[in-house]
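*Asks:* What shape does this take:
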Amino acid sequence: MSRNRYAGSWIESNFIEIDLFFSEENLVYLLTGAINKSDQYTHQQICHWCDKQYMNYINEDNLGDEKLYGILGDISAQWDLYLANTFSLKELQQLDFSKIKLPIEWFEGWLEELT
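*Replies:* Numbering: from 1, shown residues only. As a prediction, this is how the structure comes out:
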């Protein structure tokens, strides 16, 4: 018997990547859109944009604003943790991830940390 909660895997549903260059202003824009419940980007798209920026950061020699990148890393991690702690493996294997909504309070907290 597996000690882990899941003995299996899942693949997230496809999504269109956000075509914004990395900047603090664009992160503020995305977080504000999530808070205001704008339908322009899904929480899945926002979290993956943050993950992509964070992965670029940790692969660079010239490290920038640690606070900013810490927030990106937290957003990325919280997405994965939310999925694993909220849904069963069977649900994750059948889920449309574009419909997943993280708690708005989390986006408010990340925005507050930035400003």
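*Asks:* which phi and psi does the residue nearest the centre of the chain have?
*Replies:* When the chain is reduced to its mean C-alpha position, the closest residue under C-alpha atoms, centre = their mean turns out to be residue 47, at 2.0 Å. Per-residue torsions, residue 47: phi -70, psi -40 (degrees, to the nearest 10).
*Asks:* Measure how far the helix of greatest length in the chain is from the centre of its chain, please.
*Replies:* Counting residues, the longest helix found in the chain (DSSP state H) is helix 66-86. Centroid separation for helix 66-86 versus its chain: 6 Å, with C-alpha atoms, centre = their mean, to the nearest Å.
*Asks:* Show me what counts as buried in it.
*Replies:* Neighbour counts over helix 66-86 (16 or more other C-beta atoms under 10 Å) mark 68-69, 71-76, 78-79, 82-83 as buried. Quick note: C-beta positions are derived from backbone N, CA and C, even for glycine.
*Asks:* Give the rounded mean pLDDT of whichever strand or helix holds residue 110.
*Replies:* Assigned by DSSP states H and E, residue 110 belongs to helix 104-114. Averaging pLDDT along helix 104-114 gives 97.
*Asks:* ok, and what's touching it?
*Replies:* Applying C-beta atoms under 8 Å, 6 or more residues apart in numbering, the contact partners of helix 104-114 are 24, 27-28, 31-32, 34-35, 37, 67-68, 71, 74-75, 78.
*Asks:* one step back: could you identify the helix or strand that succeeds the longest helix of the chain?
*Replies:* Downstream of helix 66-86, the first helix or strand assigned by DSSP H and E is helix 89-94.
*Asks:* Name the residues of that following helix that are buried.
*Replies:* Neighbour counts over helix 89-94 (16+ other C-beta under 10 Å) mark residue 92 as buried.
*Asks:* Nothing else from me, thank you.
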